[in-house]
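>>> just to be clear, the model below is a prediction. Sequence and coordinates:
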Amino acid sequence: MGLSPLSCNIGRPCLDDLQGSKNYKDISSSEVSCDPLPGPDVRSASGPAEGRKALRGKASGGFLGTTAKFAAKSPQIDQGTGEILDDGMPFDPMLARVNRFSWQSVVKCLQPSSRTAKCLRWRQAGKQVEIWKSKEYRTASYAGLQTCGSVWACPVCAAKIAERRRAEILAAMTAHKAAGGSVFLLTLTAPHQRADGIVDLLEKHARALRSFWSRRSVKGVLSDMAMLGQIRAAEVTHGRKSEFNNGWHPHHHILCFAGVGGDSAAVDESTRKDWAVRLYLDWSKCCESVGLGCPSFAHGLRLDDGSKASAYVAKWGLEDEMTKGHTKKASKGETPFDFLRAILADSNDKQAGVLFVEFAKAFKGKQQLRWSPGLKKHFAIGDLSDDELAARQDDLARLLGTLTVNQWRDVLRVEGRGLLLQLAAGPDGWEAVERYLSGIASC
C-alpha cells in the first residue's frame, strides 16, 4: 500500500488541502506538519475562552467521539446476511456527519492522491466556503467546495448519494405498487475463501451474473413473474474477525418489479418457492461454471416477498451505521467503512487499511446500482450521476455565513470540518461558529 495509518496525518492537512484549483498561496509550506490524531484537535483551541466554550459547550454537543447517554435497545440483525439493520441507538444526523468527516480523513491518509483526499477540502475556483442550514432537516452543510462523488470510497459523498438514490427507488416502488404491481427482493451469493482476491471474485461474479440472466430457463421464470424490470445493487463484506475467516464476501441484491397481482401477498407461498428453486438451480450452475463452486440452497439464493423488499429499501439510504451496503455495520463480518472505524479505534490496525485500499481500487468506476434499460424512464425518474447528486444543494437551505481563506485554513488545520457543521446546526448557529473560529484562530 505504501502507507500505514501511522505514516499519514489524520489531524493535519497537506498543502493541497488548503488550496482551490488555483489558490496556491492560501497557506505557507511551514504549516504542512503531521499529527496522527483523528478528529478535531481540541488542544489547539488555545485562543479566547469563548472559543474553548464553543468546543465544550452545549452548542457543540461535547468533544468529537462522545455520545449522549441514550437508552439502547437490542440491534436488529438480518439472519440471512448477518448485517446489523439497526444499532439500537437514536439517530443523530449531525453526529453521524461528524463521524463521516473523521472516516474521510482516514481515506485521505490511505489514498492521498485520490479525489476523496480533496473532497470538501479544496475550494471550487472563484468561490468562497459557505455554511448552509437546512430548514427541513435542521442540519448544516458546505457549499463552494469540491466534491469527489465517490459512492464507494468517500463516507461523506456515499451517505448523500445513498439517501437520494433511496428516494428514487422508493418513488419507483410506490408507483409500481399503485399500478397493481409487486416488488420482490432477490439475493445472490456464492462460495468464497480467505485466499480469494476481491478483483478475481468480482470478475467471476460478473461472468456468473451475465450467464445467469442470459439463460432461457431464468428468462422463463422472469416471464412467469411478469417482470417489468430490475434494480441491481452490489455489496461486499469481509470476514477477517469472524471465527471462520472466509475473506471477501461479494453478494447482490436485486429488486424485481413484477406484474403479478396488486400485492406480493397475491402470490402464494408455493409459487414463490417454486420460482426460488428454479432460479437457484440456474444460479448454482452458473457459479460452478466460472469456478466459484456450488452455493448452498440455504444461502446461495433467496427470493423474498414485498415486505422484505420494502424493509431493504427503507434502510438503504439511512446515514451512519445504517447506510447502504459497504457503509453499514455487519455482525458476521466487516463492511469497507468498518475498516475506517477500525483504524480510528486502533491506528496500528494496518490490515484494515490494506483491505480498504484493496476494496476501493477494485470497485473504482463500478456502478453501485444498475437499473434495467427504460425502467427509470417508465417511472419518470431523472438520470442524475453520482457526481451531480453529491454536489446538489438542499433547495430549502438558508445561508448562515461564509469563511475567509484563513478561517478555512484553521478549520482544516485542526480537522474541524464536522464539528463546525455540528455547531452551525445547533441552537446558537452562526454565533457558535464564530466562537469556534475565534478559538482555533492561528496566532
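Sure, I can see it.

>>> surely Ile161 and Ala390 touch.
Yes. Using C-beta atoms under 8 Å, Ile161 makes contact with Ala390 at a distance of 5.7 Å. From N, CA and C alone the C-beta is placed, and that goes for glycine too.

>>> okay, and the common contacts of the two?
Common contact partners of Ile161 and Ala390 (C-beta atoms under 8 Å, 6 or more residues apart in numbering): Gly149.

>>> these two - which one has more neighbours?
Set Ile161 next to Ala390 and count neighbours by other C-beta atoms under 10 Å: Ile161 wins out with 27 against 22.

>>> which stretches in this structure count as strands?
With DSSP state E as the criterion, the chain has strands at 76-77, 84-86, 129-134, 140-143, 182-189, 229-238, 248-258, 301-304, 369-371, 397-403.

>>> make TSV out of these and add distance to Gly149 and mean pLDDT.
Below are the strands of the chain laid out as TSV (distance: least, C-beta to C-beta, whole Å; pLDDT from 0 to 100):
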stretch	distance to Gly149	mean pLDDT
strand 76-77	31	44
strand 84-86	27	42
strand 129-134	19	93
strand 140-143	15	92
strand 182-189	27	93
strand 229-238	17	92
strand 248-258	22	94
strand 301-304	31	94
strand 369-371	14	92
strand 397-403	19	93
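
>>> closest one to Ser310 among those strands?
strand 182-189 (7.5 Å; C-beta to C-beta).

>>> tell me the contacts of the residue lying closest to Lys127 once chain neighbours are set aside?
In space, and not counting its chain neighbours, Lys127 is closest to Gly144: 3.9 Å by C-beta to C-beta, 6 or more residues apart in numbering. With contact taken as C-beta under 8 Å, 6+ apart, Gly144 is in contact with Arg123, Gln124, Lys127, Gln128, Val129, Glu130, Thr402.

>>> which of those lies closest to Leu110?
For the contacts of Gly144, with Leu110 as the reference and C-beta to C-beta as the criterion, the closest is Arg123, at 23.3 Å.

>>> burial count for the closest one?
Using other C-beta under 10 Å, Arg123 has 23 neighbouring residues.

>>> with Glu269 instead?
Neighbours around Glu269, by other C-beta under 10 Å: 9.

>>> repeat that for Arg166.
18.

>>> any buried residues in stretch 216-227, and which?
For stretch 216-227, burial by neighbour count (16 or more other C-beta atoms under 10 Å) applies to Val218, Val221, Leu222, Met225, Met227.

>>> equivalent analysis for stretch 198-215, please.
By neighbour count on 16+ other C-beta under 10 Å, the buried set for stretch 198-215 is Ile198, Leu201, Leu202, Lys204, His205, Arg207, Ala208, Leu209, Ser211, Phe212.

>>> in CSV, list those along with distance to Asp386 and pLDDT.
Output for the buried residues of stretch 198-215, formatted as CSV (distance: C-beta to C-beta, whole Å; pLDDT from 0 to 100):
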residue, distance to Asp386, pLDDT
Ile198, 21, 95
Leu201, 23, 96
Leu202, 19, 96
Lys204, 26, 97
His205, 21, 97
Arg207, 25, 97
Ala208, 26, 98
Leu209, 21, 97
Ser211, 28, 98
Phe212, 26, 98
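
>>> what about those residues, which are in helices?
Taking DSSP state H, the ones among the buried residues of stretch 198-215 that sit in helices are Ile198, Leu201, Leu202, Lys204, His205, Arg207, Ala208, Leu209, Ser211, Phe212.

>>> and the gap between the last one and Leu301?
Note on Phe212: its distance to Leu301, by C-beta to C-beta, to the nearest Å, is 10 Å.

>>> before we move on, the earlier item: for the contacts of Gly144, work out which two are farthest apart.
Every pair of the contacts of Gly144 checked by C-beta to C-beta; the farthest is Gln124 and Thr402, at 13.1 Å.

>>> picking that back up, may I see the buried residues of stretch 216-227 arranged in JSON lines, with distance to Val98 as well?
Shown next, in JSON lines, are the buried residues of stretch 216-227 (distance: C-beta to C-beta, whole Å):
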{"residue": "Val218", "distance to Val98": "46"}
{"residue": "Val221", "distance to Val98": "47"}
{"residue": "Leu222", "distance to Val98": "45"}
{"residue": "Met225", "distance to Val98": "44"}
{"residue": "Met227", "distance to Val98": "43"}
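
>>> which of these sits closest to Arg165?
Nearest member of those to Arg165, counting by C-beta to C-beta, is Met227, at 21.3 Å.

>>> one step back: can the strands of the chain go into CSV with extra columns for distance to Asp386 and mean neighbour count?
Shown next, in CSV, are these (distance: least, C-beta to C-beta, whole Å; neighbours: other C-beta atoms under 10 Å):
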stretch, distance to Asp386, mean neighbour count
strand 76-77, 29, 14
strand 84-86, 24, 18
strand 129-134, 21, 20
strand 140-143, 17, 20
strand 182-189, 23, 23
strand 229-238, 14, 21
strand 248-258, 18, 22
strand 301-304, 27, 21
strand 369-371, 9, 19
strand 397-403, 21, 15
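
>>> go through those and name the closest to Ile343.
Per C-beta to C-beta, nearest to Ile343 of these: strand 229-238, 14.0 Å.

>>> next one: that closest one to chain centre, how far?
Relative to the centre of its chain, strand 229-238 is centred 13 Å away, using C-alpha atoms, centre = their mean, to the nearest Å.

>>> quick check: which helices or strands does that strand pack against?
When contacts are defined as 3 or more C-beta pairs under 8 Å, 6 or more residues apart in numbering; DSSP states H and E, strand 229-238 sits against strand 248-258, helix 336-345, helix 350-363, strand 369-371, helix 375-378.

>>> so it versus helix 350-363, what angle?
With axes from the mean of the first three to the mean of the last three C-alpha atoms, to 10 degrees defining the directions, strand 229-238 sits at 150 degrees from helix 350-363.

>>> got the CA coordinates for strand 229-238 in PDB?
Provided in PDB are the C-alpha atoms of strand 229-238 (Å, rounded to 0.1, in the frame of the first residue of the first chain):
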ATOM      1  CA  GLY A 229     -37.600  -4.600 -14.800                       C
ATOM      2  CA  GLN A 230     -34.900  -4.800 -12.000                       C
ATOM      3  CA  ILE A 231     -32.600  -2.600  -9.900                       C
ATOM      4  CA  ARG A 232     -29.400  -4.400  -9.000                       C
ATOM      5  CA  ALA A 233     -27.100  -3.500  -6.100                       C
ATOM      6  CA  ALA A 234     -23.600  -4.900  -5.400                       C
ATOM      7  CA  GLU A 235     -22.300  -5.200  -1.800                       C
ATOM      8  CA  VAL A 236     -19.300  -6.700  -0.100                       C
ATOM      9  CA  THR A 237     -18.200  -7.600   3.400                       C
ATOM     10  CA  HIS A 238     -15.000  -9.200   4.800                       C
END
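
>>> nothing else from me, thank you.
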